[in-house]
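Visitor: I'd like to go over a predicted model; first the sequence, then the structure.
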Amino acid sequence: MKNRSKNKSKSRKNQDHWIYGYHAVIAALKNENRIKYRLVVDEGAKKKLDKEPDFFLPKALTPAIKEKNEIEKLFDHKVNHQGIALNVEKLPQLKLQDFINDFLNTEKSTVAILDQLEDSQNVGAIFRSAYGLGIDALILTDSKSVSENDFIAKTAAGGLDKIPFTTVTNISSAIKILQENQFWVYGLDGSSDKMINQIDFPKKTALVLGSEADGMRNITKNLCDEVFKIGINKNLESLNVSNAAAITFFYLNTK
């Protein structure tokens with residue numbers, strides 16, 4: 001990811017924001033855009049960290065060695081921290097046009113838009129699949145959506161700090177901006193008559209994924225250049241959104 005801000009902010013906006021889980025923490029430590037404050041590990045995680053290839057910790061992040069139960073007290077809910085936690089700032093969010101200019105290739109790019117997804121596990125899984133299957137960036141909506149949190153970071157297994165993302169307040173405006181930047185916008189909609197393999201996806205593609213409960217909203221669907229569906233067993237109403245996303249990402253990655 002490109003460097004959005006190397007300087008630490010004057011005031012700590014997210015002083016209680018922690019990332020946990022080995023892969024999530026390593027990705028955050030390696031992300032130059034991530035402002036980091038404090039690293040806590042147990043003995044096992046410290047030994048593993050010392051063997052991490054092509055990586056060294058800055059002096060300011062010398063890890064504090066704690067017992068597992070002490071690390072658990074950093075969180076107000078039970079987590080599988082794997083003996084490691086990192087106190088950080090949430091990633092800065094860019095205006096969409098600046099985000100496009102900085103992170104999306106002018107010739108060929110694929111971006112996914114997550115419209116009103118409320119489940120952290122789904123969003124984290126989509127981040128993980130997006131990074132693993134060649135999606136260039138993610139766009140999240142602000143309204144009725146989950147925002148960056150420790151569970152997304154853990155579920156994404158490092159994807160949160162490896163794939164660029166930003167948040168928009170108005171999906172209609174965001175779609176129009178993408179279209180003005182030569183993106184064709186496709187919505188994943190189970191009621192569509194067109195199958196995914198009937199779409200000739202262009203070099204610049206934006207994919208819209210709707211909410212877990214209601215799918216893609218009509219207002220969003222009407223702004224898409226085209227909608228399509230994934231063929232599934234007729235006795236099954238729909239796929240989980242993260243599963244549908246992974247299938248679509250894989251398909252796009254093979255084109």
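Guide: Looks like it arrived, so ask away.
Visitor: Let me know the secondary structure of the residue positioned nearest the centre of the chain.
Guide: Nearest residue to the geometric centre of the chain (CA atoms, centre = their mean): F127, 3.7 Å. Using DSSP: H, G, I helix; E, B strand; the rest coil as the criterion, the local structure at F127 reads helix.
Visitor: Near I199, how many other residues are there?
Guide: 18 (other CB atoms under 10 Å). Placement of C-beta: from N, CA and C, glycine included.
Visitor: Report the beta-bridge partners for the nearest residue to it once chain neighbours are set aside.
Guide: Spatially, and ignoring its direct neighbours in sequence, I199 is nearest to F228 (5.1 Å; CB to CB, 6 or more residues apart in numbering). Beta-bridge pairing for F228 (DSSP bridges): L188.
Visitor: what residues are up against the residue nearest to the centre of the chain?
Guide: F127 is in contact with 138, 152, 155-156, 159-160, 163, 165, counting by CB atoms under 8 Å, 6 or more residues apart in numbering.
Visitor: how much space between the residue nearest to I199 and L252?
Guide: 11 Å (CB to CB, to the nearest Å).
Visitor: where do the strands sit along the stretch 51-200 of the chain?
Guide: Along the stretch 51-200 of the chain, counting by DSSP state E, counting those that start in this stretch, strands occupy 64-65, 84-88, 109-114, 137-141, 165-168, 184-188.
Visitor: domains of the chain?
Guide: According to automatic domain parsing, the chain comprises the domains 18-88, 96-253.
Visitor: okay, these, which one's buried deepest?
Guide: domain 96-253 (a mean of 18; mean count of other CB atoms under 10 Å).
Visitor: Would you state the helices of the stretch 101-250 of the chain in chain order?
Guide: 120-132, 150-156, 159-162, 171-180, 218-221, 241-253 (DSSP state H, counting those that start in this stretch).
Visitor: same for the last one, what does it pack against?
Guide: Identification of packing neighbours for helix 241-253 by 3 or more CB pairs under 8 Å, 6 or more residues apart in numbering; DSSP states H and E yields strand 109-114, helix 120-132, strand 184-188, strand 204-209.
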